[in-house]
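Engineer: The sequence and its predicted three-dimensional model are supplied below.
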Amino acid sequence: MSDEIFSVAAFILQNEGVLSPTNPLVIQTAYTDDRIEIVGSVNASSGQLVAAFINLNLPFEGDFVSGVDETTVPFALPRPNTYETPVFQWSNGETHFYRPGLWENYLRFLARGIKAKVEALHMLNSIPISDGTLFGDMPLSGADPASKGS
């Protein structure tokens with residue numbers, strides 16, 4: 001099960017993740033929305049994921065201790081009406097932390113939506129685009145710029 005979760009998370013990061021090169025040796029990619037946060041570390045030389053973390057943004061219930069809920073230390077950062085709690089941590093080919101829940105279905109739901117967008121884009125491959133209004137002011141009637149003025 002955790003291998004499937006990693007594969008789905010890697011797919012989401014590959015297609016929707018935002019890269020942030022904070023460390024020249026390891027590049028981070030992240031996907032976040034109101035419910036979930038997926039962060040991956042990518043080896044700069046190989047381009048492979050070396051670590052992946054999934055956190056949930058749960059509704060705030062209870063008291064924070066020193067600004068962080070005790071059950072989520074050291075991975076969580078509190079937000080105004082939510083708190084992050086880890087549900088999956090993977091590195092170097094092994095799952096180190098895993099809490100099953102409905103978030104797994106949500107992860108698959110996200111991946112299906114991304115796959116549909118990718119497939120729709122592939123369907124447009126080689127279909128001419130109507131861009132005449134964008135380039136209407138340019139002489140595109142086959143004029144060769146090199147032969148201009150001769």
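Structural biologist: That came through, no problem. Numbering: from 1, shown residues only.
Engineer: Next one: the most centrally placed residue in the chain relative to residue 122, how far apart?
Structural biologist: Residue closest to the average C-alpha location in the chain (C-alpha atoms, centre = their mean): residue 17, at 2.4 Å. From residue 17 over to residue 122 the distance is 20 Å, taken as C-beta to C-beta, to the nearest Å. (Glycine included, C-beta is placed from N, CA and C.)
Engineer: Read off the pLDDT value for the closest residue to the residue nearest to the centre of the chain other than its chain neighbours.
Structural biologist: Nearest residue to residue 17 in three dimensions, chain neighbours excluded: residue 29, at 3.6 Å (C-beta to C-beta, 6 or more residues apart in numbering). Among the per-residue scores, residue 29 holds a pLDDT of 91.
Engineer: What strand or helix carries residue 113?
Structural biologist: helix 103-123 (DSSP states H and E).
Engineer: Give the other helices and strands that that helix contacts.
Structural biologist: On a contact count with 3 or more C-beta pairs under 8 Å, 6 or more residues apart in numbering; DSSP states H and E, helix 103-123 meets helix 2-16, strand 36-43, strand 49-59.
Engineer: Show me which residues of the shortest one are buried.
Structural biologist: For strand 36-43, the neighbour count (16 or more other C-beta atoms under 10 Å) marks 36-42 as buried.
Engineer: Equivalent analysis for the first one, please.
Structural biologist: Taking 16+ other C-beta under 10 Å as the basis for neighbour counts, the residues of helix 2-16 that come out buried are 2, 5-6, 8-13, 16.
Engineer: can you tell me which of those residues lies nearest to residue 88?
Structural biologist: Proximity of the buried residues of helix 2-16 to residue 88, judged by C-beta to C-beta, is greatest for residue 5, which lies at 5.9 Å.
Engineer: low-scoring stretches of the chain, by residue?
Structural biologist: Applying pLDDT under 70 to the chain flags residues 22-25, 60-82, 140-150.
Engineer: how near is residue 33 to residue 118?
Structural biologist: Counting by C-beta to C-beta, the gap from residue 33 to residue 118 is 18 Å.
Engineer: Pull the number of nearby residues for residue 108.
Structural biologist: 14 (other C-beta atoms under 10 Å).
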